[in-house]
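Q: sharing a sequence plus its predicted fold:
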Amino acid sequence: MRRRDFIKLVGGSAVTWPLAARAQQRAFPVVGLLSSRSPAVDTPLIAVIRQGLNEAGFVEGQNLALDYRWADGQYDRLVGLAADLVRQQVAVIVTMGGDTTALAAKAATATIPIVFAGGADPLRMGLVTSLQRPGGNITGVSSLLVEMEAKRLGLLRELRPHATTTVVLMNPGNISFAEIQASDVQTAAHSIGEEITVLNASTIREIDQAFAKLVQMHADALLVGTDPFFFAHAAQLVVLAVRHVIPTVYFRREFAVAGGLMSYGANSNESYRLLGVYAARILKGEKPGDLPIQLPTKYELVINVSTARVLGVEIPPTLLARADELIE
């Protein structure tokens, strides 16, 4: 054998052996999890996804592997992270942390199945063309949180009927999401004769600055807009709202559990369990385009009455009667 051929053979083996080892490591399917948030925020939700997978017989470490990618709140990293999962040739991509994450995954592949968790109407976001038969390689769950902004604004008006300065906090860094949300909130405000002021925050520092502005404005009430970034910093938002005595309504119950005054939205645990269920069905051979988009069947109004007492806010009996959960 000529030396040149020997070197080519050895070189080829050096490439083949790691690939063979990787193939052995991938004796079972790999599900890629892509999130705009961080491990610290998503760990409880990933446990719920695992629950959905377990119900179908898929257990991480036994017959399934999970490969994680987190953007840590930096939305501009999502496209690259999605592309990396595609290069890894995962069996399914599950997206968490909003529609921007799902859009990044959709842009990265037209073949690998995608199961998304979204907060806005997936038709409006351009994720699918049909809710019943999404088609293509994508399906998922939408909590329609953005579409509930009008409802949350109405609850805030019911809570503070004489408010003259109502503020909405939004994240302009989530471009595809913020425009739809801003339009919905402004339309809802006009429909009930409410004048609102929009403040923006895309960083921890800007959240602090927004609350400083709220104090200067003598704001009567605050609506925290739907955004994964705000969910990731729920503790900061809740502490500032209580410290500055600003009655606030949020989009997920986790805020109320953490001490926020009031929340209205779909149950996130059920949504994320369905992500696992859908991923499992795809692993068993079903096509994502044939699986209808799952929408909420119920929205929960959660009121933290202990926080209301701290703020000196009297909750109207009509609100208390409609609450799905009262936190003492």
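A: Received it, and whenever you're ready, just let me know what you need. Residues are numbered from 1 along each chain as shown.
Q: C-alpha from now on. contacts and neighbour counts both.
A: Will do.
Q: give me the domain ranges for the chain.
A: Using automatic domain parsing, the domain ranges for the chain come out as 3-144+267-290, 146-265+299-327.
Q: any chance of CSV for the ones you listed, columns mean pLDDT and mean neighbour count?
A: Listed next are those as CSV, based on pLDDT from 0 to 100; neighbours: other Cα atoms under 10 Å:
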stretch, mean pLDDT, mean neighbour count
domain 3-144+267-290, 87, 19
domain 146-265+299-327, 93, 18
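Q: show me what contacts residue 82?
A: Residues in contact with residue 82 (Cα atoms under 8 Å, 6 or more residues apart in numbering) are 34, 69, 104, 105, 108.
Q: biggest separation within those residues, which pair?
A: Of all pairs drawn from these, the one with the largest separation by Cα to Cα is 69 and 108; the distance is 14.0 Å.
Q: still on that earlier bit, ok, so of the contacts of residue 82, who is nearest residue 301?
A: Proximity of those to residue 301 was ranked by Cα to Cα; the top entry is residue 34 with 29.1 Å.
Q: close enough to count as contact, the closest one and residue 101?
A: Yes. The pair residue 34 and residue 101 passes the contact test of Cα atoms under 8 Å, sitting 7.1 Å apart.
Q: who touches both of the two?
A: 78, 95.
Q: dump the residue contacts of the nearest residue to residue 129 once chain neighbours are set aside.
A: Closest residue to residue 129 apart from its sequence neighbours, by Cα to Cα, 6 or more residues apart in numbering: residue 123 at 5.9 Å. For residue 123, the contacting residues are 129, 130, 131, by Cα under 8 Å, 6+ apart.
Q: most centrally placed residue in this structure?
A: Within the chain, one residue has its C-alpha closest to the average C-alpha position: by Cα atoms, centre = their mean, that is residue 97, at 3.0 Å.
Q: and it, what are its phi and psi?
A: phi 80, psi 40 (degrees, to the nearest 10).
Q: my read is that it contacts residue 38, right?
A: No. The pair formed by residue 97 and residue 38 falls short of the contact definition of Cα under 8 Å, at 9.4 Å.
Q: distance check, residue 300 against residue 160.
A: With the distance defined as Cα to Cα, to the nearest Å, residue 300 ends up 20 Å from residue 160.
Q: to clarify, my last question referred to residue 148.
A: When Cα to Cα is the yardstick, residue 148 and residue 160 sit 18 Å from each other.
Q: so what's the backbone phi/psi at residue 298?
A: Residue 298 adopts backbone torsions of phi -160, psi 140, taken as degrees, to the nearest 10.
Q: residues near the closest residue to it other than its chain neighbours, how many?
A: Among residues not flanking residue 298 along the chain, residue 266 sits closest, at 6.3 Å (Cα to Cα, 6+ apart). Burial of residue 266 is recorded as 24 neighbouring residues (other Cα atoms under 10 Å).
Q: ok, now which ones touch residue 266?
A: Each residue near residue 266 by Cα under 8 Å, 6+ apart is listed here: 143, 145, 252, 296, 298, 299, 300.
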